[in-house]
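Engineer: Give me coordinates for this.
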Amino acid sequence: MTGLYALYKMRELGFSVQVLDEATGVGGTWYWNRYPGCRFDSESYSYGYSFSEELLQEWDWKEHYSGQPENERYLNYVADKFDLRKDIRFKTRVKSATFVDDENVWHIEGIDGYRV
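Structural biologist: Numbering: from 1, shown residues only. As a prediction, the model looks like this:
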């Protein structure tokens, strides 16, 4: 959840951002953890992104402690609503990340050879 928010916020601040994710879809822990009974440990509304009043009004949590499928649906909804996927490169595992002081930039390399 923090990854999508970080992407949203950095865009809002005017940064050029690219997220690298090993998964094939958004969701972080809610993408990877699909075991029976996987759910929020706090009330669902407390996990809703508060940066958008419109989003808070649009999404209707079905359970007080929603399970993994609904949590993942919510994160996909957010990614689509704010067009976040265009700045996410899926199926990319990071091999190294090096900050270059004189360029004030990160050089990232994926295990597949992808560089940014």
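
Engineer: going forward, measure contacts between C-alpha atoms and count neighbours the same way
Structural biologist: Fine.

Engineer: I would like the residues contacting the helix-or-strand element of the chain with minimal mean pLDDT, please.
Structural biologist: None of the helices or strands of the chain scores lower by mean pLDDT, DSSP states H and E than helix 29-32, at a mean of 92. With contact meaning C-alpha atoms under 8 Å, 6 or more residues apart in numbering, helix 29-32 is reached by Ala23, Gly25, Gln68, Pro69, Asn71, Glu72.

Engineer: and the second one, what does it touch?
Structural biologist: Going back to what we said before, that points to Gly25. With contact taken as C-alpha under 8 Å, 6+ apart, Gly25 is in contact with Tyr31, Phe90.

Engineer: Helix or strand for the residue sitting furthest away from the middle of the chain, just tell me which one.
Structural biologist: For the chain, the residue at maximal distance from the C-alpha centroid (C-alpha atoms, centre = their mean) is Asp102, at 29.6 Å. In this structure, Asp102 is located outside every helix and strand according to DSSP states H and E.

Engineer: before we move on, the earlier item: looking at the contacts of helix 29-32, which are in strands?
Structural biologist: Secondary structure assignment (DSSP state E) places none of the contacts of helix 29-32 within strands.
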